[in-house]
Structure formats: C-alpha cells, structure tokens
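Colleague: Quick one, what's the 3D model for this:
(chains A and B)
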Number of protein chains: 2
Amino acid sequence: MAVYTDITDAELEAFLSAFDLGAPQVFKGIAEGIQNSNFLLETERGRYILTIYERGVKAEELPYFLNLLQWLAQHGFPSALPVADRKGALLSQLRGKPAAIVGFLPGLSVRRPTIDHCREAGEGLAWLHQAGQGYPGHRVNDLGQSAWAGLFAPLKAAAEGFKPGLAATILSDLDVLERSWPRDLPTGVIHADLFPDNVFFRDGEFAAAIDFYFACDDLYAYDLAICLNAWCFEADGTFNVTAAQAMIAGYEKRRPLSAAERSALSILSWGAAMRFFLSRLADWGMGSEGSIVNHKDPMEYERKLAVHRAAHQDGGLILLGAPVA
Amino acid sequence: MAVYTDITDAELEAFLSAFDLGAPQVFKGIAEGIQNSNFLLETERGRYILTIYERGVKAEELPYFLNLLQWLAQHGFPSALPVADRKGALLSQLRGKPAAIVGFLPGLSVRRPTIDHCREAGEGLAWLHQAGQGYPGHRVNDLGQSAWAGLFAPLKAAAEGFKPGLAATILSDLDVLERSWPRDLPTGVIHADLFPDNVFFRDGEFAAAIDFYFACDDLYAYDLAICLNAWCFEADGTFNVTAAQAMIAGYEKRRPLSAAERSALSILSWGAAMRFFLSRLADWGMGSEGSIVNHKDPMEYERKLAVHRAAHQDGGLILLGAPVA
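Modeller: Next comes the predicted model:
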C-alpha cells in the first residue's frame, strides 16, 4: 500500500497552475506503488497520475526515470507519458517533495498469473527492452550482482534469525554466483522489477508496465530471470516450468535469446532470487513513521533460492528449457 | 485515510459476475472515507465506487443507507446512485464482508472553505433535506442529544487526561443541553456528518454529497448546526460569523428556517460540538489492527464547545444572526 502525503485543494491548485492541464475535477489518493504517494488526477484535459516521491527515492535519479518513461512512450511502448509543465520540466515540487504528473494507464494487474499472462508478460518485457534501445540515460544497477556481498554483510544475523545456518548458505551462494555470473551478455535498459503488480492487462493482453523506479543498465536476460521468479512460481513454492517456457516463448516473439543467454537463465534466476531475498531481508522490520509499507517476506525468496540452488547442484537441470550445461 | 481490504482480480471478477456492468478495466484502492474500503472501478459500462464495509458499520443498517442514496438520487439530489445486481439487490458480499457499488461522482472537496463555499454547502444541505422528504426508511440518531450523557459516562477520565477539570465542565454542559434542547422543530432525514471532506464542488458550486453513513432522523436545524461547526470555524479557533450567515442564507435559498429554528441554532451548535467532541474522545487512542485511521483531535471540538458555552453565558450573543433570546 502506498505511503501517503495529504495534499489540499489549495496546494493542488497552486501546483497545477504551472501546467496547461486546466482545472482539476477529480483528485483522489490511490493505493498504488510502495515507495510513493500516488493520486488519480482528472482535469479538463484528461486523466493523470500525480506522484509525490517520498524518501527512499533519490531525487537526483528522478530525471533518469522520467526521461526514460518519456523515451519509452515516444518509442511506442505502453508506459505512462510524463507531462511537462509550461517551462518544459517533467519534475516539479509539491509540499517540498519531488513530484511529477504522468498519463493515466487503464488496465488491471493480476494476482495469480495464468500461462497466457506469463507469455504476454514475457512479450511485454522484450518490447520494453527493444523500446529502450538508444535511450541516452544511464544508471548503474545498485542492486546488481556486484553489490550483493556488500548488501549481505550487515544482514548475517538477520538471516540467522530467520533460519539457523542460513548465513553460511547465502555466503556459499554468493560465492558461486560471483564465480559463475555471466559478464558478456547483451545489456541495455532493464525494468528490474516487473512483478505482476507492475503489469496491466486488458482483455488478457499485455497493456502497460508501471513503476520504473528500479530501471537501470544490466543484462536483458537478467530482467527476464527476475520475471521468471516473480511470475512462474506456484503458491506452494514449486517452479512452474510450463509457465517459464511460455514466458520465454513470449519474450522471444519480439527478441530471440542467444544461446549464451538461454544457457545463463538458470544462474541468472538464482541471482535474481538472491537480489530480492537480500532487499527484502534489509527492509524487514524497517518501519517508516506515519506510513504503511507492507514488507514482503524474505523467506519467500529464500525458498526460491533453494529451488535454484538444488537445480544447480543437480548439474544443470533443464529448468528453464535451456540446454543442459 | 481508508481502512483497506485487498481484493484480487479473481475476486473482483467473481463479484462483478452478479452485475450487468461488463468487464473491469480499472480497479484501484482509493483513500476516501474513514470507515470503509473504497475502490475506483471502471467497467465497459461506466465509472463506479466499490465500497467494502469494514467493522464499525452495522450490516443491518446498510439497507437504510443504500436505499436512502437511491431515493436521493432518484429525487434529483447529487448523491451516488447504488447499482443493483441482476437480482435487484443493492447490497452484496465480497471477502465475506458487505459490499456495494455506487456511481462515481466527480468533484473536489475543499480543505479551507471560503464564504462562497459555505453558502453553497448550506444550499446543498437544504437540497438534501428537501430531497429526503418522504423517504420511507427510518433510523434513530444513536449519537443524538439523548445519547450524550451515556456516551460521556465512561469517558470522564479520558476528558480529565486531556484537561484537568474538563469532566465537570462537560457534565455541566450536558445538563444545560438536556434542559434547553429543542424538541418540536421540523425533523426528517439528516446527513449528520456533512463536513467539508464529504462535499464535492465543481467550478465553485455544490456538486455532490458523499458518506451518508451517519444519516438518520433528527432536527433539520441540527444538521445545519453540525455544518456551522464544521465549516465556519477558522483555523485559529474563532467562529466566523460571516461564513455562518452565508451558510444560513444559502440554506434558506431552498428551505427557509422558522423563527424557532433560527432561535435554536445557538444551542443546537453547542450540542453539535458536544456530539463530535464525545465521539472523537471515544475514538481517541482506539487502534484498529492492520488499518490506518487518522483519529481526529477531540480538543478541536472542546474549543468549539468553549466558544458556544461562552456565547450562551453572555446571555444569547447574536452568534448566528439569530434574534437575541
């Protein structure tokens, strides 16, 4: 659920006076996004989402994200188009916080994706990768593979608190990942957080992607691996290979994977599970005054780690339809 | 901010299958109302608010409220029209909780009403009173004058905790209110909670009233007194007589007050301040698991009580443009 900054009608009016959007007709706080306050805004001109960036977002990184949204929308990808104010700026201030207006995207996210949803999401991800090509902005993935050991260092006790012995297992994983991580696969702009709640569908088809605030430069296949973890595990913790194959097939409709990318999907998925395990472990128990953030269970990703670890120890299971190593 | 029940796409689809509204296209939790979970719902047919009634609402009273909304909308008042399912029912169930769909109302509430807003709100209140005439449903005001002494009995220590000596002052107030309360003024359906956040404006004009979940049978002039307290005090705690006169004038555009109603506005406003002081005092510190309710400060209404008490002790100040008693 959203963190929430309360905005008065007078503040809204003052804010909108810098834009050519006409008078506001509807303004409602909506529960969308974890890190920011989001509002449905309707004016004489149309429907928008107004986002106020709360702490947790680095203000100096916002131009990268907003320019990326603009780039993607201008290159045909269904992401929210930022609205510039009369001076041409995409980023404004409201209540002393960074704020932006983007176009409203209709569509519904799904809680339990079907095989068809996985295929559609895979195709949507490849579309995003293609549309992002040539984007001049750059952002290092500060939650990428090279950051994981450093992220885990202060979290060993927390891991042990969840499960005795887990710290040693994670350290061993990190060692394998460091040694096996692919370094020369195709890279570009990745979403890096394309979970089901960040994808909208209409009539069963991929309709839009939202929440680009982890976007960065990294391996395209790693972005697909993040999605395989996020979309293709069953509620009982088992990995649905059929869903994964559908997602990969959907991806390849738009951007065929190289043999090296396919072979790497197993280790990339293991690493992607590590990334979300580590960030959830770091967030766990971190409250935020006056806000509601439903912290996600790190152990969900610990179980995904275990699935990938076991597959690896089996000498290269055909987990993802990839050729046996 | 709203309490929040999380609804999946599958649950929504199952719920909507009982209605003739077509497929959902947008579904977002919105921050509106204190007691319930509200969602913006768009389907092929139009835009709606889906409300899930959380604890705090008595399920057996919901037909009174929903039928009232229907009655008011059918009698031309701009309130949200409930949508019946295929069997004609206005009240459904979602996640085992009572739920209803009503039409979406555009418009913005104001935080700091101007004199013009007060006039418009007064006229809107009279419109509501007129439109409600003949409504066959009835509901006793369980927060009405006869309930206050009983409400306060368990709250004396809480009042003393806020301000030593306050309990005796409140008991004295309750005694005066009991002896002076008017009993034979015109009655009918009142909103009983028409605070600024429950009124929408468009282009400066009254556009809609929402949140009817305190509606009941009581004195029309008492409803106006509730509004005088809610709309006509300045942030510094002073009563703006100009705003009050504008509100009364707006009200009288549609429903002129009798001399008895006018004379009673002072004591009714004192009583209306008591009602909100008591309910806020009772709510203060009452947390609700897994929900966010911003409890409102009882002392805001303690200060309003003091204003009305002083006016009364001055022998009948011309506080509300009413004739001197």
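
Colleague: Which one of the residues in the stretch 51-200 of chain A is closest to chain B?
Modeller: Proximity of the stretch 51-200 of chain A to chain B (CB to the nearest CB) peaks at residue A:111, 3.9 Å away. C-betas here are computed from N, CA, C, even on glycine.

Colleague: State the distance from the residue nearest to residue A:83 when sequence neighbours are not counted to residue A:51.
Modeller: Excluding the flanking residues, the one nearest residue A:83 by CB to CB, 6 or more residues apart in numbering or on different chains is residue A:101, at 4.3 Å. For residue A:101, the distance to residue A:51 equals 8 Å [CB to CB, to the nearest Å].

Colleague: Which one of these two is surrounded by more residues?
Modeller: The residue with more neighbours, out of residue A:101 and residue A:51, is residue A:51; 28 against 25, by other CB atoms under 10 Å in any protein chain shown.

Colleague: Quickly check: the helix or strand where that one lies near chain B or not.
Modeller: Taking DSSP states H and E as the definition, residue A:51 sits inside strand A:47-53. No: using CB under 8 Å from any CB of the partner chain, strand A:47-53 stays clear of chain B, coming no nearer than 9.5 Å.

Colleague: name the helices or strands packed onto that strand?
Modeller: strand A:36-43, strand A:97-103 (3 or more CB pairs under 8 Å, 6 or more residues apart in numbering or on different chains; DSSP states H and E).

Colleague: ok, now with 10 Å
Modeller: Judged by 3 or more CB pairs under 10 Å, 6 or more residues apart in numbering or on different chains; DSSP states H and E, strand A:47-53 is in contact with helix A:9-16, strand A:24-30, strand A:36-43, helix A:62-74, strand A:92-94, strand A:97-103.

Colleague: now these as CSV including mean pLDDT and distance to residue A:169?
Modeller: Formatted as CSV, those follow (pLDDT from 0 to 100; distance: least, CB to CB, whole Å):
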stretch, mean pLDDT, distance to residue A:169
helix A:9-16, 92, 50
strand A:24-30, 92, 40
strand A:36-43, 93, 34
helix A:62-74, 97, 35
strand A:92-94, 93, 45
strand A:97-103, 95, 40
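
Colleague: Throw those into CSV and include distance to residue A:282, thanks.
Modeller: Converted to CSV, the helices and strands packed on strand A:47-53 look like this (distance: least, CB to CB, whole Å):
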stretch, distance to residue A:282
helix A:9-16, 33
strand A:24-30, 27
strand A:36-43, 19
helix A:62-74, 21
strand A:92-94, 29
strand A:97-103, 23
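
Colleague: show me what contacts residue A:130?
Modeller: Going by CB atoms under 10 Å, 6 or more residues apart in numbering or on different chains, residue A:130 touches A:75, A:76, A:77, A:188, A:220, A:254, A:255.

Colleague: That one in helix, strand or coil?
Modeller: Reduced to three states with DSSP: H, G, I helix; E, B strand; the rest coil, the structure at residue A:130 is helix.

Colleague: how close does it sit to residue A:73?
Modeller: Taken as CB to CB, the span from residue A:130 to residue A:73 is 14 Å.

Colleague: returning to that earlier point: bridged to the residue nearest to residue A:83, which residues?
Modeller: residue A:50 (DSSP bridges).

Colleague: surely it meets residue A:40?
Modeller: No: Residue A:101 is beyond contact range of residue A:40, at 11.4 Å (criterion: CB atoms under 10 Å).

Colleague: that older thread, for the residue of the stretch 51-200 of chain A closest to chain B, what are its contacts?
Modeller: A:196, A:197, B:6, B:7, B:8, B:9, B:10, B:11, B:12.

Colleague: Just the buried ones out of those residues, please.
Modeller: Buried members of the contacts of residue A:111, counted by 16 or more other CB atoms under 10 Å in any protein chain shown: A:196, A:197, B:7, B:9, B:12.

Colleague: CSV for those, including distance to residue B:87?
Modeller: Below are the buried ones among the contacts of residue A:111 laid out as CSV (distance: CB to CB, whole Å):
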residue, distance to residue B:87
A:196, 33
A:197, 33
B:7, 21
B:9, 24
B:12, 19
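
Colleague: Show me which residues of the stretch 51-200 of chain A are close to chain B?
Modeller: Contact residues, the stretch 51-200 of chain A versus chain B (CB under 10 Å from any CB of the partner chain): A:104, A:105, A:106, A:107, A:108, A:109, A:110, A:111, A:112, A:113, A:196, A:200.

Colleague: Let me see the contact set for the nearest residue to residue A:237 once chain neighbours are set aside.
Modeller: Nearest residue to residue A:237, sequence neighbours excluded (CB to CB, 6+ apart): residue A:303, at 4.8 Å. Residue A:303 is in contact with A:233, A:236, A:237, A:238, A:273, A:277, A:297, counting by CB under 10 Å, 6+ apart.

Colleague: If any of those are buried, put those into a PyMOL selection.
Modeller: Buried members of these, defined by 16+ other CB under 10 Å, are picked up in PyMOL with:
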select buried, chain A and resi 233+273+277
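
Colleague: all strands of the stretch 201-325 of chain A, in order?
Modeller: A:205-209, A:216-219 (DSSP state E, counting those that start in this stretch).

Colleague: Adding mean pLDDT as columns, could you present those strands in CSV?
Modeller: Shown next, in CSV, are the strands of the stretch 201-325 of chain A (pLDDT from 0 to 100):
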stretch, mean pLDDT
strand A:205-209, 97
strand A:216-219, 98
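
Colleague: domain parsing for chain A?
Modeller: A:9-103, A:115-313 (automatic domain parsing).

Colleague: Name the residues contacting each of residue A:101 and residue A:51.
Modeller: A:39, A:80, A:82, A:94.

Colleague: Between all of these, which two are separated the most?
Modeller: Using CB to CB, the pair of these lying farthest apart is A:80 and A:94, separated by 17.4 Å.

Colleague: which ones are touching residue A:133?
Modeller: Applying CB under 10 Å, 6+ apart, the residues near residue A:133 are A:71, A:75, A:188, A:189, A:255.

Colleague: what separates the fourth one from residue A:258, distance-wise?
Modeller: Read it as residue A:189. In terms of CB to CB, residue A:189 sits 18 Å off from residue A:258.

Colleague: between the two, which one's more packed in?
Modeller: A count of neighbours by other CB under 10 Å puts residue A:189 above the other of residue A:189 and residue A:258, at 26 against 12.

Colleague: State whether the more buried one is indeed within a helix.
Modeller: No: assignment of residue A:189 by three-state DSSP gives strand, placing it outside any helix.

Colleague: ok, the nearest residue in space to it that is not next to it in sequence - contacts?
Modeller: The shortest distance from residue A:189 to any non-neighbouring residue, by CB to CB, 6+ apart, is to residue A:132 (3.4 Å). Residues counted as contacts of residue A:132 (CB under 10 Å, 6+ apart) are A:68, A:71-72, A:75, A:77, A:79, A:188-191, A:212, A:215, A:217, A:220.

Colleague: For those, give me TSV that also has distance to residue B:177.
Modeller: As requested, these are arranged in TSV below (distance: CB to CB, whole Å):
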residue	distance to residue B:177
A:68	62
A:71	65
A:72	63
A:75	68
A:77	64
A:79	59
A:188	72
A:189	67
A:190	66
A:191	62
A:212	58
A:215	61
A:217	69
A:220	72
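
Colleague: By neighbours, which of the residues you listed wins?
Modeller: residue A:191 (28 neighbours).

Colleague: Surely it is in contact with residue A:211?
Modeller: Yes: with contact defined as CB under 10 Å, residue A:191 reaches residue A:211; the gap is 8.4 Å.
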